[in-house]
Structure formats: C-alpha cells, structure tokens
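> Below is the sequence, then the predicted model.
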Amino acid sequence: MSGQMLVDGSGNESHLRIRAALSDGAVLRFVDQRTFGSWAVDPLVEVSGTLVPESVAHIARDPLDPLFDRDAVVRRMKAKDTEIKRVLLDQTVISGVGNIYADEALWRSQVHGRRRASALTKPALGRLIDDATDVMRQALDQGGTSFDSLYVNVNGQSGYFSRSLDAYGRDGDPCRRCGTIMRRESFMNRGSHFCPKCQPQPRR
C-alpha cells in the first residue's frame, strides 16, 4: 500500500484520503500524496508460517526480512531467462527493490540491467542481492530517497539518500568509479541509469 498511516497525527490534510475513528478513541488517517494507495478488508492466509493479507500473499519477502532466503532467491533468479533488472523489479521474486535501488545495486555489482539473469553465475546473483540489501539499508539509514516535497516521512522530513546515489539520475555525469559519462536508457517505461564502461551492455 502506498501512502502513510498516521495514528493521532495531523499529517498533510491536503493529501488526507481516509480518516477512521478506532474503538479506543484514536483516529487513523490515511495520507496518500501520490494517490496510488487504497484500503481494503482482506482475509488472512498463511504463507511460510506467517499470516498475511490474501491480496499480497504472492509478494516475495524483501532482503531485509529476517526470513529472507538468499540462496532460494538466487536459484529463482538463475531460472529466469529474462533481463536481470526485470527480475529485480519482479515482486514475486524479490520485493522492495524498486527502480532506483535496482539501478544502484546493478551499478555496484557492475552488471548491466539487460543482462540475462540465467546467464549470470549464482555467485554474481548473490552479490547483486547483497548489493541491493546494502543499498536498501543505507537508504533507510538516511530516511529514504526524496526528490521533492511529496516524498517525506510521517513527520514531513525528507530522506537524504538521493545525495548518495551513484547511478540513478546521474546520466551525463561522470561515473564515480571510472569517470566514464553515465547514460540513461528506457526500460519498462522507466529510466535505467548505468555506466557504459563498468556495466557493458550484453551482446545481442
């Protein structure tokens, strides 16, 4: 679910979508800046010993989940004969990475996003997962990645990880590793940012 859920917090009233009064007297506000979010009543189902809403039971665990099985995810990624960035963005394989952090992880691993997942070795896939995990941890430590006033936490504070980005949004700038000018290409109706020297494109 997109947006923020605040208990007894005022939030940004201009983006307030739902206000619910709870039985204990608290007020729950759903603040959704991007209007992508929704509320629903959903039955719980068991997935790997954990109860989750049925509508999200298909979503894989993210790398920061204590029950995340790195080796199992490596095997699933290796079995995919498609672009590795597409696999990173596939929430049924690994969740929570997203476009920005996928670009960052691929840059750190020196892997082009159009490489076939099946063509990468299992150790290379493991390193990519580790890099994605490190990117996500660092982003959390810095409050996330904010590009404008809509991307803030529940207290209205911006995240500062955008200042630490090595790939995303840096097309036209020199690579921080080798100095080659970074490039951007279209991928899945989004932008992919990479270094053409550190992350050579696969031969077609």
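Cool, got the structure.
> Output the below-cut-off pLDDT ranges for this structure.
Counting by pLDDT under 70, the chain contains low-confidence ranges at 1-12, 143-163, 204.
> for it, what spans make up the helices?
All helices of the chain, identified by DSSP state H, fall at 70-78, 84-88, 98-109, 122-141.
> Out of these, the one nearest His15 is which?
Between His15 and the helices of the chain, the shortest gap by C-beta to C-beta is with helix 98-109, which sits at 20.7 Å. Every C-beta, even on glycine, is put in place using the N, C-alpha and C of the backbone.
> quick one on the thing from earlier: please convert the helices of the chain to TSV, extending it with distance to Val56 and mean neighbour count.
Shown next, in TSV, are the helices of the chain (distance: least, C-beta to C-beta, whole Å; neighbours: other C-beta atoms under 10 Å):
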stretch	distance to Val56	mean neighbour count
helix 70-78	18	16
helix 84-88	19	24
helix 98-109	16	24
helix 122-141	19	18
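> Leu44: how many residues sit nearby?
Residues lying near Leu44 (other C-beta atoms under 10 Å) number 11.
> Equivalent analysis for the one 3 residues further on, please.
Counted with other C-beta under 10 Å, residues neighbouring Val47 total 15.
> Quick check: chain neighbours aside, which residue is closest to it?
Using C-beta to C-beta, 6 or more residues apart in numbering and skipping the chain neighbours, the partner closest in space to Val47 is Ala57 (5.2 Å).
> The one you found and Val45 touch, don't they?
Yes: contact criterion C-beta atoms under 8 Å: Ala57 and Val45 qualify, at 5.2 Å.
> thinking again about what came up before, how much space between the residue nearest to Val47 and Tyr101?
Shown here: Ala57 relative to Tyr101, a distance of 23 Å by C-beta to C-beta, to the nearest Å.
> Same check on Asp24?
From Asp24 to Tyr101 the distance is 37 Å (C-beta to C-beta).
> swap in Val73?
15 Å.
> Over to Gly49?
Counting by C-beta to C-beta, the separation of Gly49 from Tyr101 is 27 Å.
> and what of Ala119?
From Ala119 over to Tyr101 the distance is 22 Å, taken as C-beta to C-beta.
> do Pro63 as well
From Pro63 to Tyr101 the distance is 10 Å (C-beta to C-beta).
> Quickly list what's touching both of the two.
132, 136 (C-beta atoms under 8 Å, 6 or more residues apart in numbering).
> for the helices of the chain, which one sits closest to His193?
His193 sits nearest to helix 98-109 of all the helices of the chain, at 4.9 Å, using C-beta to C-beta.
> Kindly calculate the angle that that closest one makes with helix 122-141.
Angle between the axes of helix 98-109 and helix 122-141 is 120 degrees (criterion: axes from the mean of the first three to the mean of the last three C-alpha atoms, to 10 degrees).
> Please enumerate the strands of this structure.
Using DSSP state E, the strands of the chain run over 4-7, 16-21, 27-31, 44-47, 50-53, 183-187, 190-194.
> I figured Glu83 was touching Ser118, is that so?
No: contact criterion C-beta under 8 Å: Glu83 and Ser118 do not qualify, at 10.4 Å.
> Name the residue in these two with the higher neighbour count.
Ranked by neighbour count (other C-beta under 10 Å), Glu83 and Ser118 place Glu83 first, with 19 against 14.
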